[in-house]
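S.K.: sequence and predicted model, in that order:
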Amino acid sequence: HLATSLPLPSERDHLRPRIDLIAFMIDIKSKYSLKNVEASLAHVDASFFLGKVCFLVTGVGRVNCCSVEMDAIWKLGEVYCSPMLFCELELEGVRAATAQRLLRMLQICAGHVPGVSALSFGSLMRNSADY
């Protein structure tokens with residue numbers, strides 16, 4: 001399910017499936033994209049930041065067209081203790097690989113991978129970014 005911003009409308013809460021992972025998309029070519037994500041973060045329950053939130057940063061192949069400071073994006077990941085995925089969605093191979101990574105993250109967050117919790121996976125993703 002996709003939403004352009006949060007909070008989600010409450011009139012259909014009883015029909016909404018369980019939310020296992022929230023992937024915030026940030027287009028580095030759009031300052032509005034970052035502002036929208038920052039505003040939406042205030043509507044996310046704190047428990048989701050225990051491994052069930054990630055940031056998907058798009059447009060990284062065109063760094064010369066950036067409207068968003070990379071420091072601001074890195075700070076989001078640090079402040080919210082959430083992994084960052086960087087990709088260029090215009091390239092088919094990168095798009096497919098990113099979709100596979102997101103699907104695997106979703107499987108883990110939904111509890112479909114025995115022995116791996118969303119919290120431990122999120123911690124592993126953050127630690128791997130440090131190296």
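M.R.: Structure's in. What do you need?

S.K.: list the contacts of the residue lying closest to residue 110 once chain neighbours are set aside.
M.R.: Once flanking residues are discounted, residue 110 sits nearest to residue 20: 4.1 Å by Cβ to Cβ, 6 or more residues apart in numbering. All C-beta spots, glycine's among them, are computed from the backbone N, C-alpha and C. Taking Cβ atoms under 8 Å, 6 or more residues apart in numbering, we find residue 20 in contact with 52, 106, 109, 110, 111, 118.

S.K.: run the last query once more with 10 Å
M.R.: 48, 52, 105, 106, 107, 108, 109, 110, 111, 112, 118 (Cβ atoms under 10 Å, 6 or more residues apart in numbering).

S.K.: which of those sit farthest apart?
M.R.: 48 and 112 (17.8 Å; Cβ to Cβ).

S.K.: the closest residue to residue 16 other than its chain neighbours: how many residues sit nearby?
M.R.: Once flanking residues are discounted, residue 16 sits nearest to residue 8: 7.1 Å by Cβ to Cβ, 6+ apart. For residue 8, the neighbour count with other Cβ atoms under 10 Å is 14.

S.K.: which stretches of the chain form strands?
M.R.: Along the chain, counting by DSSP state E, strands occupy 22-27, 53-58, 84-87.

S.K.: and these, which one averages the lowest pLDDT?
M.R.: Of all those, strand 84-87 carries the lowest average pLDDT, namely a mean of 90.

S.K.: for that strand, name the packing helices and strands.
M.R.: strand 22-27, strand 53-58, helix 70-79, helix 92-109, helix 118-129 (3 or more Cβ pairs under 10 Å, 6 or more residues apart in numbering; DSSP states H and E).
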